[in-house]
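J.: Sequence first, predicted model second:
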Amino acid sequence: MVNLSVNINKIATLRNARGGNFPDPILFAQKIQQMGADGITVHPRPDERHIRYEDVRKLRPVVWTEFNVEGNPIPKFMQLVKEVKPDQVTLVPDEPHQITSDHGWDTLKYRDKLRDIIAELKAEGIRTSIFVDPVPAMVEGAVETGTDRIELYTESYAREFAKGNLDAVKPFREAAVLAHELGLGINAGHDLNLDNIGYFVKNVPYLQEVSIGHALIVEAIWYGLENVIRKYQHILKNAAR
């Protein structure tokens, strides 16, 4: 079974566009879990343009599934996650003003930095995952950091799948097999949607979790939020068999 973690950043983006607290990301997190999601993901950025650091603090008591907090491990972020103690922290190498994540870690270049950060998080009892591209050397380097899991950055798969290139899944399958052999857990995320996720899950073994935000919220505008969550869970359950 592959777990579905719903990224609620876009709910916060809508709220911030008008000021006030409507829609309320805290309420949506509770409803999304009631609708069947296996977890809640947030990615607070330094400028707080969507999820704010205070949102993360407020979410901790109401997330009874898995709470995953993503971000670049700058001091402010590290202080936050040590305080909140989510179930999982996903380390992402994004720049402060980057619109969205667009690459994984160079786990060879940043091995020592990541090793130290991950050791800090493990000392707090927090499971760690790091964002990586589907490149064997990067997967092998991830082992040396001490991380529990990797999150495969799936933008290239989604882009090529939309063009009809089904072979785009091959590097992800190979990376997942290698990661599993090396003892790493495997997550995936970025630009996965209702059209491409079934093929991905069927062809990439050992997946434990997918994190979906932007596409899921857009699809919810068309189909309704609860319907979309049910659609994802149906695909994930059947594709993983």
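T.: That came through, no problem.
J.: which stretches of the protein form helices?
T.: Per DSSP state H, the chain carries helices over the ranges 9-18, 25-34, 53-59, 75-84, 111-123, 136-145, 155-162, 170-181, 197-203, 214-223, 225-239.
J.: Show me how far the first one is from its chain's centre.
T.: If I follow you right, that is helix 9-18. With Cα atoms, centre = their mean, to the nearest Å as the basis, helix 9-18 stands 19 Å off its chain's centre.
J.: cool, and the fourth one?
T.: Taking the mean of its C-alpha atoms, helix 75-84 sits 18 Å from the chain's own mean (Cα atoms, centre = their mean).
J.: Next: the second one.
T.: The chain centroid and the centroid of helix 25-34 are separated by 17 Å under Cα atoms, centre = their mean.
J.: ok and it relative to helix 9-18, angle-wise?
T.: 150 degrees (axes from the mean of the first three to the mean of the last three Cα atoms, to 10 degrees).
J.: for the fourth one, same thing?
T.: With the same axes, to 10 degrees applied, the angle from helix 75-84 to helix 9-18 works out at 110 degrees.
J.: on that earlier part again, could the helices of the chain be laid out in CSV, adding mean pLDDT, distance to residue 187 and mean neighbour count?
T.: Placement of C-beta: from N, CA and C, glycine included. What follows is those, written out as CSV (pLDDT from 0 to 100; distance: least, Cβ to Cβ, whole Å; neighbours: other Cβ atoms under 10 Å):
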stretch, mean pLDDT, distance to residue 187, mean neighbour count
helix 9-18, 95, 17, 17
helix 25-34, 97, 18, 19
helix 53-59, 98, 19, 17
helix 75-84, 97, 17, 16
helix 111-123, 97, 15, 16
helix 136-145, 97, 12, 18
helix 155-162, 96, 14, 18
helix 170-181, 98, 10, 18
helix 197-203, 97, 12, 19
helix 214-223, 91, 16, 16
helix 225-239, 91, 13, 17
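J.: Distance to residue 66 for the ones you listed - can I get that in TSV?
T.: Listed next are those as TSV, based on distance: least, Cβ to Cβ, whole Å:
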stretch	distance to residue 66
helix 9-18	16
helix 25-34	10
helix 53-59	12
helix 75-84	13
helix 111-123	15
helix 136-145	20
helix 155-162	23
helix 170-181	19
helix 197-203	18
helix 214-223	16
helix 225-239	15
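J.: So which of those helices is nearest residue 94?
T.: Of all the helices of the chain, helix 75-84 sits nearest to residue 94, with 10.9 Å by Cβ to Cβ.
J.: Now residue 140: closest residue in space, sequence neighbours ignored.
T.: Nearest residue to residue 140 in three dimensions, chain neighbours excluded: residue 182, at 6.9 Å (Cβ to Cβ, 6 or more residues apart in numbering).
J.: how close does the one you found sit to residue 81?
T.: For residue 182, the distance to residue 81 (Cβ to Cβ, to the nearest Å) stands at 25 Å.
J.: now swap in residue 142 and tell me
T.: Separation of residue 142 from residue 81 (Cβ to Cβ): 19 Å.
J.: Spatially central residue for this structure, please.
T.: residue 211 (4.0 Å; Cα atoms, centre = their mean).
J.: Quick one, grab the pLDDT at the nearest residue to that residue once chain neighbours are set aside.
T.: The shortest distance from residue 211 to any non-neighbouring residue, by Cβ to Cβ, 6+ apart, is to residue 189 (3.7 Å). At residue 189, the pLDDT value in this model is 95.
J.: let's have the chain start at 549 instead
T.: Got it, the first residue is 549 from now on, which makes the last one we talked about residue 737.
J.: Is residue 708 in contact with residue 719, as I believe?
T.: No: contact between residue 708 and residue 719 fails when scored by Cβ atoms under 8 Å: they sit 10.2 Å apart.
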